[in-house]
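**Q** Following is a predicted model, sequence given first.
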Amino acid sequence: MVLQKLTLVLGGAASGKSDMAESLVLKEDLRRVYVATAQAFDSEMREKIARHRAARGPGWHTIEAPLDPDSAISGLGGGDIALIDCATLWLSNLLLAEADLGAAEARLFNAIDACPAPVVIVSNEVGAGIVPDNALARRFRAAQGGFNRRLAARADTVIGVMAGLPFALKGEMP
């Protein structure tokens, strides 16, 4: 199996999207690079990160890049495959750091375009819920929705995941 240049795996929280993305990467005969965007600010998140790392098992090179996944993929070669997990935490990190979202998105898209390795990105679909009750949450939801639309437009393949079941939104299921 050969993945296209850019694959987006999109779904709700705890939908199985990370498992799906990892299974796609594992099918490729390439060096697996996991670009982690999570930050462990509390014990619950430290435990979650440890569980995910253990579940992935050996054979993954992990790069922690909570604010700059673009720099993490910039050094990859044609013998690599990158999994960025996840765009939602990355965007949250940027918002909380009061970073320039447009500039960060441009850097990521430029890095993907220049990267010779296939890239798989996991992101949450946040538009199916209720309207958030505070300004930061509404700003996040709007930013995430816009980013997901622009990312999906650029992607060769977009896979939705609901209740652990994948479905093709764009392109063919790998």
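**A** Nice, I can see it.
**Q** Please count neighbours and contacts with C-alpha atoms only from this point.
**A** Noted.
**Q** what's the weakest-modelled helix or strand in the chain?
**A** Taking mean pLDDT, DSSP states H and E as the measure, the chain has helix 43-56 as its least confident helix or strand, at a mean of 89.
**Q** Quick one: list the elements packing against that helix.
**A** Applying 3 or more CA pairs under 8 Å, 6 or more residues apart in numbering; DSSP states H and E, one finds that helix 43-56 contacts no other helix or strand.
**Q** And the next helix or strand past that helix?
**A** Moving toward the C-terminus from helix 43-56, the next helix or strand (DSSP states H and E) is strand 60-64.
**Q** how about whatever helix or strand comes next after that following strand: buried residues?
**A** Using DSSP H and E, the helix or strand that directly follows strand 60-64 along the chain is helix 69-73. Residues P69, D70, A72, I73 are the ones in helix 69-73 that count as buried (16 or more other CA atoms under 10 Å).
**Q** Now the second one. Nearest residue, chain neighbours left out?
**A** When the adjacent residues along the chain are set aside, D70 lies closest to L108, with 4.6 Å between them (CA to CA, 6 or more residues apart in numbering).
**Q** and that neighbour, what helix or strand is that in?
**A** Using DSSP H and E, L108 maps to helix 101-114.
**Q** Who are the packing partners of whichever helix or strand comes after that helix?
**A** Once helix 101-114 ends, the next helix or strand along the chain (criterion: DSSP H and E) is strand 119-124. When contacts are defined as 3+ CA pairs under 8 Å, 6+ apart, strand 119-124 sits against strand 6-11, helix 17-26, strand 80-85, helix 87-96.
**Q** what's in contact with strand 119-124?
**A** The contact list for strand 119-124 (CA atoms under 8 Å, 6 or more residues apart in numbering) reads 5-13, 17-18, 21, 25, 81-88, 112, 148.
**Q** What lies in contact with the helix or strand R150 falls within?
**A** Element membership of R150, judged by DSSP H and E, is helix 135-154. Residues from elsewhere that reach helix 135-154, judged by CA under 8 Å, 6+ apart: 6, 8, 88, 91-92, 95, 105, 123, 125-127, 131-132, 158.
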